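1. Structural data only, the sequence is not supplied:
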DNA sequence: TTTGTTGGTCAACGCTTGTTGGCAACAGTA
DNA sequence: TACTGTTGCCAACAAGCGTTGACCAACAAA
């Protein structure tokens, strides 16, 4: 197989544009939409290709196989505020800032819903979520919480509440959870997240 | 098709035992295990039948089709304490009691994990979860919270935290969440659930 | 004993899936 | 011009899926 084709992360930061870049992007966008709506198994390569307006075999050529496609589609950056910025604002606003950011992020980007759906049934998806917790939420907790040694625990607690609300609102669609305005959700969850991050061990 | 065979809930409370009851139970147990481990799509009728030690066609005869099998396997009773019992104990212990109960329940019964997995990708699974929220968690909130009018909202908030922790611990298996002893999880989550149930609107 | 019902297996159906290889059109280069 | 690599479509493959119907063995009722 052509090794230089199937990579999704170029070895060099700068890669010369290819004529097929538009197609690659279309495939990725379609994949995200289908994974978000259907989960890993029911999002078929054929349906993704159809939505992207190309032949299924192109997906294979550009992403190797279905797993590779998912890995590329689930490249996620939560864009969390830098830990330093968080330390500069009033200590009791961190929870509110984070919850608000998470909800925004979820509403604007279907990839997060996709990952949540896939993580529930697919081991690669679950692994990717563990990685995001470790690399993106962990550092925040480490900077904000009193004792950096138990930052991972606090990060997991925060994740449990945030993911739980995302599950209720965007995946399971509990009617009341969907109907609640974003500000109200923030009002309820912010103190929880704040406590998980900064309260002394119970 | 034989109508009297495919029902899973007998019209009359008492139904005479059939010779095939053992097989039916074996199928149901195998189905719960496979759905919990693999989710809806990857849990195949063939694999379930194999685990139950019978032929795939038996599954069809007794449960109609795959959806019917799942519906039967996802018949869930959270066994929550009666709302009245909750009102009798100190008001600030309700959160702790509930969280502890949920964690026990989850650990002892893989069906809950199965439903969580399936609910994330399957619309019937999600519908079942909405039903459980409404019929089993809702009433508790209605009895415990200050204004019964917003009981549904409070129930959804409780569910978001409890389901989020179940997701982290039993499905995504965040290492720290798995490693935390049950008592510690209760210590952290109890005040959250307590506040969602009884605190005045934020 | 005969007859009807129930519990169970077997082999196959039609369909969808991920995946592959061949082939044509095009672009860039020499 | 001829040559080489890229982009794309088409047709097909093998495997696995849910589901079906024919068929047999054991039991129960007559």
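-> Great, that's in hand. Please read all numbers here as calculations on a predicted model, not as lab measurements.
2. Can you name the residues of chain A that neighbour DNA strand D?
-> Within chain A, the positions near DNA strand D by CB under 7 Å from any atom of the strand are A:2, A:18-20, A:22-23, A:53-58, A:61. To be clear about C-beta, it is placed using only N, CA and C from the backbone, and glycine gets the same treatment.
3. pLDDT at the nearest residue to residue A:26 once chain neighbours are set aside, what is it?
-> With sequence-adjacent residues excluded and distances taken as CB to CB, 6 or more residues apart in numbering or on different chains, residue A:26 is closest to residue A:52, at 4.3 Å. The model reports residue A:52 with a pLDDT of 98.
4. swap in residue A:87?
-> Per-residue confidence (pLDDT) for residue A:87: 76.
5. All the helices of chain A, residue numbers only.
-> Taking DSSP state H to define them, one finds helices in chain A at A:3-6, A:21-42, A:45-52, A:56-63, A:66-73, A:83-88, A:94-108, A:110-121, A:123-132, A:138-144, A:151-166, A:175-179, A:182-198.
6. on that earlier part again, derive a ChimeraX selection command for the buried subset of the residues of chain A next to DNA strand D.
-> Only the buried members of the residues of chain A next to DNA strand D enter the following ChimeraX selection, criterion being 16 or more other CB atoms under 10 Å in any protein chain shown:
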select /A:23,54,58
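7. Out of the residues of chain A next to DNA strand D, which two sit at the greatest distance?
-> Maximum pairwise distance among the residues of chain A next to DNA strand D (CB to CB): 23.2 Å, between A:2 and A:53.
8. Check the helices of chain A for me: which has the lowest mean pLDDT.
-> Among these, helix A:3-6 carries the lowest mean pLDDT, a mean of 39.
9. about what we covered before: kindly reformat the helices of chain A as JSON lines and extend each row with distance to residue B:37.
-> Listed next are the helices of chain A as JSON lines, based on distance: least, CB to CB, whole Å:
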{"stretch": "helix A:3-6", "distance to residue B:37": "30"}
{"stretch": "helix A:21-42", "distance to residue B:37": "14"}
{"stretch": "helix A:45-52", "distance to residue B:37": "24"}
{"stretch": "helix A:56-63", "distance to residue B:37": "27"}
{"stretch": "helix A:66-73", "distance to residue B:37": "19"}
{"stretch": "helix A:83-88", "distance to residue B:37": "37"}
{"stretch": "helix A:94-108", "distance to residue B:37": "28"}
{"stretch": "helix A:110-121", "distance to residue B:37": "10"}
{"stretch": "helix A:123-132", "distance to residue B:37": "11"}
{"stretch": "helix A:138-144", "distance to residue B:37": "28"}
{"stretch": "helix A:151-166", "distance to residue B:37": "21"}
{"stretch": "helix A:175-179", "distance to residue B:37": "28"}
{"stretch": "helix A:182-198", "distance to residue B:37": "30"}
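10. domain parsing for chain A?
-> Following automatic domain parsing, one gets these domains for chain A: A:3-73, A:83-198.
11. can you list these in TSV and add distance to residue B:159?
-> Converted to TSV, these look like this (distance: least, CB to CB, whole Å):
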stretch	distance to residue B:159
domain A:3-73	21
domain A:83-198	6
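12. ok, now which ones touch residue A:178?
-> Contacts of residue A:178 were listed using CB atoms under 8 Å, 6 or more residues apart in numbering or on different chains, and they are residue A:169.
13. Nearest spatial neighbour of the residue sitting nearest the centre point of chain A, chain-adjacent residues omitted?
-> Nearest to the mean C-alpha position of chain A, by CA atoms, centre = their mean, lies residue A:112 at 3.9 Å. Of all residues not flanking residue A:112 in the chain, residue A:106 sits nearest, at 5.0 Å (CB to CB, 6+ apart).
14. give me the number of residues near that neighbour?
-> Residue A:106: 20 surrounding residues under other CB atoms under 10 Å in any protein chain shown.
15. My guess is residue A:81 contacts residue A:101. True?
-> Yes: with contact defined as CB atoms under 8 Å, residue A:81 counts as touching residue A:101 (6.7 Å).
16. Can you get me a residue count around the spatially closest residue to residue A:51 that is not a sequence neighbour?
-> Excluding its sequence neighbours, the residue lying closest to residue A:51 (CB to CB, 6+ apart) is residue A:30, at 3.9 Å. Using other CB under 10 Å, the number of residues around residue A:30 comes to 22.
17. what do you get for residue A:41?
-> Residue A:41, neighbours per other CB under 10 Å, totals 16.
18. mind listing what the residue lying closest to residue A:41 once chain neighbours are set aside touches?
-> Excluding the flanking residues, the one nearest residue A:41 by CB to CB, 6+ apart is residue B:41, at 3.7 Å. Counting by CB under 8 Å, 6+ apart, residue B:41 makes contact with A:39, A:41, A:42, A:121, B:121, B:122.
19. tell me the contacts of the residue nearest to the fourth one when sequence neighbours are not counted?
-> With CB to CB, 6+ apart as the criterion, residue A:121 has its nearest non-adjacent residue at 3.4 Å, and that residue is residue B:39. Shown in contact with residue B:39 (CB under 8 Å, 6+ apart): A:39, A:41, A:120, A:121, B:117, B:118, B:120, B:121, B:122.
20. okay but residue A:73 is in contact with residue A:112, surely?
-> No: Residue A:73 lies out of contact with residue A:112 (CB under 8 Å); the separation is 11.8 Å.
21. Common neighbours of those two, please.
-> Common contact partners of residue A:73 and residue A:112 (CB under 8 Å, 6+ apart): none.
22. State the distance from the nearest residue to residue A:142 once chain neighbours are set aside to residue A:83.
-> Spatial nearest neighbour of residue A:142, chain neighbours left out: residue A:151 (4.0 Å); criterion: CB to CB, 6+ apart. Using CB to CB, to the nearest Å, we find residue A:151 at a distance of 11 Å from residue A:83.
23. In terms of neighbours, single out the busier of those two.
-> With neighbours defined as other CB under 10 Å, residue A:151 and residue A:83 compare such that residue A:151 has more, 21 against 14.
24. if we can go back for a sec, just want to check the distance between the residue nearest to residue A:51 and DNA strand D.
-> Distance of residue A:30 to DNA strand D, computed by CB to the nearest atom of the strand, to the nearest Å: 13 Å.
25. Then residue A:93?
-> The gap separating residue A:93 from DNA strand D is 48 Å, by CB to the nearest atom of the strand.
26. That residue: how many residues sit nearby?
-> Neighbours around residue A:93, by other CB under 10 Å: 13.
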